[in-house]
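S.K.: give the three-dimensional model of this entry:
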Amino acid sequence: MIETLKISYYLIPILVILVGYFYYSFQKLRKVETERLQLLYAEILLEKEVAHQFKNVPKKGNKLNNPIEQKISKIKVAIFNIDFNLSEIFN
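M.R.: Reported below is the predicted structural model:
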């Protein structure tokens, strides 16, 4: 009987400390994951806007007959690709 009381004196504080630690780490993780989800949601909204803008691109296809416009569009695509590659590298 006395030995079980001695064990419980050690076991209860250890359990309280473990529960407190896990609760704190869970709250911290939940906050970080909430921020990540908000960033992903913002990125999805941005991609939806870009997709909506690309729906209007075929209407402007007649301007691409000009050689200067073709060169400018190639430069724009190259810049977009570089920007995308750099963002993928640094994320």
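S.K.: chain center to the lengthiest helix in the chain, what's the gap?
M.R.: Longest helix in the chain, counting residues (DSSP state H): helix 2-55. Centre-to-centre, helix 2-55 and its host chain are 16 Å apart (CA atoms, centre = their mean, to the nearest Å).
S.K.: next: stretch 77-91.
M.R.: On CA atoms, centre = their mean, the centre of stretch 77-91 falls 16 Å from that of its chain.
S.K.: which outside residues touch it?
M.R.: By CB atoms under 8 Å, 6 or more residues apart in numbering, no surrounding residue is in contact with stretch 77-91. C-beta coordinates here come from the backbone N, C-alpha and C atoms, glycine included.
S.K.: give the buried residues for the helix or strand encompassing residue 80.
M.R.: Using DSSP states H and E, residue 80 falls within helix 67-90. By neighbour count with 16 or more other CB atoms under 10 Å, helix 67-90 contains no buried residues.
S.K.: quick thing: my sequence starts at 45, can you match it?
M.R.: Shifting the count to begin at 45 puts that one at helix 111-134.
S.K.: since we're on residue 68, how many residues are nearby?
M.R.: By the measure other CB atoms under 10 Å, the count of residues near residue 68 is 10.
S.K.: just the pLDDT for it.
M.R.: Listed pLDDT for residue 68 reads 96.
S.K.: which elements pack onto the longest helix of the chain?
M.R.: Applying 3 or more CB pairs under 8 Å, 6 or more residues apart in numbering; DSSP states H and E, we find helix 46-99 packed against no helix or strand.
S.K.: would you mind giving the domain segments of this protein?
M.R.: With domains defined by automatic domain parsing, the chain comprises 45-99, 105-135.
S.K.: ok, of these, where does mean pLDDT dip lowest?
M.R.: Among the domains of the chain, domain 105-135 scores lowest, at a mean of 79.
S.K.: can you tell me which residue is spatially central in the protein?
M.R.: Residue closest to the average C-alpha location in the chain (CA atoms, centre = their mean): residue 84, at 4.3 Å.
S.K.: tell me how far residue 81 lies from residue 57.
M.R.: Plainly put, residue 81 is 36 Å away from residue 57 if you go by CB to CB, to the nearest Å.
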